[in-house]
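Engineer: Please work out how this folds:
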Amino acid sequence: MKDIREERPLPGLFTELTREMTALLRHEMALARAEISEKISKAGTGVGSLVFGAMVAFAGLLVLLASAVLALSNALAPWLAALLVGLAVALIGMGLLAKGRNNLKASNLAPHRTRESLRKDRELAKEHLR
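Structural biologist: Below is the predicted model:
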């Protein structure tokens with residue numbers, strides 16, 4: 001039984017290698033483009049959450065300031081109500097800010113699938129060269 005490498009001429013093997021490497025690079029570039037597009041979309045969502053969270057936290061700060069004013073000028077019940085509302089709004093804003101910050105972490109934006117695919121391709125190429 002003959003080995004397949006013995007049956008094919010060397011120029012044909014190089015032509016096939018070139019064709020397959022070109023196809024592999026095209027597929028890897030398509031994967032990278034798709035993954036980067038996904039990460040950019042995720043970053044946009046994170047920025048939106050940060051902006052909205054900052055606006056809500058600012059509204060909470062305004063309510064907290066109003067409660068401080070009411071605490072100084074009025075009886076206990078009005079400022080206590082304003083204080084509770086201000087704290088609730090501020091907590092919601094902090095939660096939105098934390099979510100946006102988490103979406104923008106570098107580890108969430110890295111093209112993990114492309115890197116793993118390139119690593120596997122490199123290992124496969126090393127095996128075939130042996």
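Engineer: where's Ala125, which helix or strand?
Structural biologist: Assigned by DSSP states H and E, Ala125 falls within helix 112-129.
Engineer: Which elements pack onto that helix?
Structural biologist: helix 10-73 (3 or more CB pairs under 8 Å, 6 or more residues apart in numbering; DSSP states H and E). From N, CA and C alone the C-beta is placed, and that goes for glycine too.
Engineer: could you give the angle of the helix it packs on to helix 112-129?
Structural biologist: 160 degrees (axes from the mean of the first three to the mean of the last three CA atoms, to 10 degrees).
Engineer: Show me what secondary structure element comes after helix 10-73.
Structural biologist: Helix 10-73 is succeeded, C-terminally, by helix 76-103 (DSSP H and E).
Engineer: buried residues in that following helix?
Structural biologist: Residues of helix 76-103 classed as buried by neighbour count (16 or more other CB atoms under 10 Å): Trp79, Ala82, Leu83, Gly86, Val89, Ala90, Gly93, Leu96, Leu97, Lys99, Gly100, Asn103.
Engineer: List just the nearest of those to Glu123.
Structural biologist: Looking at the buried residues of helix 76-103 and their distance to Glu123, the nearest is Asn103, at 32.1 Å (CB to CB).
Engineer: what's near enough to touch the closest one?
Structural biologist: Contact analysis of Asn103 by CB atoms under 8 Å, 6 or more residues apart in numbering lists Lys42, Ala43, Thr45, Gly46, Ser49.
Engineer: Can you tell me which of those is nearest Leu124?
Structural biologist: Sorting the contacts of Asn103 by how near they are to Leu124, with CB to CB, puts Lys42 at the top with 29.6 Å.
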